[in-house]
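>>> Sharing a model prediction with you, sequence too.
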Amino acid sequence: MQLLHTSALVVFWGCAALIGYAYIVYPVLLVTLGWLRRASAAPRELNDADLPSVSVLVVAHNEESVIRERIDNLLALEYPKDKLELVIASDSSRDRTVDIVNEYSGRGIQLIAFTERTGKSAVLDAVIPRLKGSIAVLSDANTMMEPPAVRRLVRWFQNPKVGVVCGKLVLTDPVTGTNVDSVYWRFETLLKRAEGRLGALLGANGGIYAIRRSVFQGLSHDTIVDDFVIPLLARVRTGCAIIYDESAIACEETPPEIAVEFRRRARIGAGGFQSLAVLWPLLDPRNGWIALTFFSHKVLRWLCPFFLIGLVAANLVLVNKGFYGVSLLAGLVLAAVALLGQYLSLGSSAGRALRLTTMFATMNAALLVGFFRWASGRQRAAWDRTAR
């Protein structure tokens, strides 16, 4: 009995410490380190004659509702037309996506249509080597880039050590079009900014990032989260730098339903566990800051659902020991608050605060679902279009 009690204590406080480190200690440490390290000065703006050739690639599957707007957005980019290649790759679209893209064939839009559904990663692996530009800018069908965004991304490639540049993704309300960045998204952006200052940025926003084509050396077709793996795999293979540029902005509408967001997070969770097979070398301490950020921001976060399970299990064993009865009750209250937070309006400060517990709970539940999908091989690489 004493062994069970001691083991429960170790598990309880060990799990509590790891959760606290991942969500409180690490962010404070990271932001402090980022604040102490001066941000890299943006490179000089380039004249048209000095700009590199760029290919903007959008992979689409059944995007007839947004593809026309997306193409018009691409055509409005402020970049010399003779140095800009615009490509839409259709991953076996069964709606009018291909027909709509073909309407723009005389205006500089190139269509690559795949008849067999293979998934985004397979499409990227097939198309990126065929692009003409020395820089590939990757984006999504539902993402709208500001006109100067591409120009701001590519200026960083004047430094030959830079391999990937990630832009800033702003979330907007699908009805009003206003900025609705959640507390969680602003928190993640803060971490991204600090990691960028340390030269330890993790992945990219799939809606807007640029990669030097020479550092793209292929991608496994079963890759689930390509925008996370592609930049970090380039870092593993070539040692290139990954830059975060907040002035290169793109906007994307938030999913209309919580269930849609949950499925997206579960997919990302499955992709995170999958990515360890190729990205584990980043955990080598000799990689410097990125070893810390990858372990703390990603690996520990992915494992947090299991820490929570361990915490609750240990708490049940210790429930008759005074403090642990109170901690179990507090956990039940927080679980109730998380459930209630789904039904409260975000208009009030109390509602937004309660939603933090909801987001924490749903994010970890989605990660747990993602783990079992990955472990069972049920998570497909091909994505289903998000209802918008």
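Noted; the coordinates are in hand.

>>> can you map out the strands along the stretch 201-350 of the chain?
209-212, 241-253 (DSSP state E, counting those that start in this stretch).

>>> And the ones you listed: which comes nearest Ile71?
strand 241-253 (15.0 Å; C-beta to C-beta). Using the backbone N, CA and C atoms, a C-beta is placed for each residue, glycine as well.

>>> Give the rounded mean pLDDT of that closest one.
For strand 241-253, mean pLDDT rounds to 93.

>>> Walk me through which strands that strand pairs with, and which way each runs.
strand 143-145 (antiparallel), strand 162-172 (parallel) (DSSP bridges).

>>> So which bits of that strand are buried?
Of the residues in strand 241-253, 241-245, 248-253 count as buried by neighbour count, 16 or more other C-beta atoms under 10 Å.

>>> Lys81: neighbouring residues, count only.
Around Lys81 there are 10 other residues, counting by other C-beta atoms under 10 Å.

>>> Contact partners for it?
Taking C-beta atoms under 8 Å, 6 or more residues apart in numbering as the contact definition, Lys81 lies against Gly108.

>>> do Val317 as well
4-5, 8.

>>> Just the buried subset of those residues, please.
Buried residues within the contacts of Val317, defined by neighbour count using 16+ other C-beta under 10 Å: Ala8.

>>> could I get the strands paired with strand 241-253 as CSV with mean neighbour count?
Shown next, in CSV, are the strands paired with strand 241-253 (neighbours: other C-beta atoms under 10 Å):
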stretch, mean neighbour count
strand 143-145, 23
strand 162-172, 23
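
>>> Flag whichever of those has the least confidence on average.
Mean pLDDT values for the strands paired with strand 241-253 show the minimum at strand 162-172, a mean of 91.

>>> following that strand, which helix or strand shows up next?
Downstream of strand 162-172, the first helix or strand assigned by DSSP states H and E is helix 183-197.

>>> now the strands for the stretch 51-200 of the chain?
Under DSSP E, counting those that start in this stretch, the stretch 51-200 of the chain gives strands at 54-60, 84-91, 109-114, 135-140, 143-145, 162-172.

>>> What is the neighbour count of Trp13?
Using other C-beta under 10 Å, Trp13 is surrounded by 12 other residues.

>>> And what about it, helix, strand or coil?
helix (DSSP: H, G, I helix; E, B strand; the rest coil).

>>> Give the residue spans of the stretch 101-250 of the chain that score low on pLDDT.
By pLDDT under 70, the low-scoring segments of the stretch 101-250 of the chain are 173-182.

>>> Test my guess that Pro305 contacts Gly370.
No - using C-beta atoms under 8 Å, Pro305 is not in contact with Gly370; the gap is 9.1 Å.
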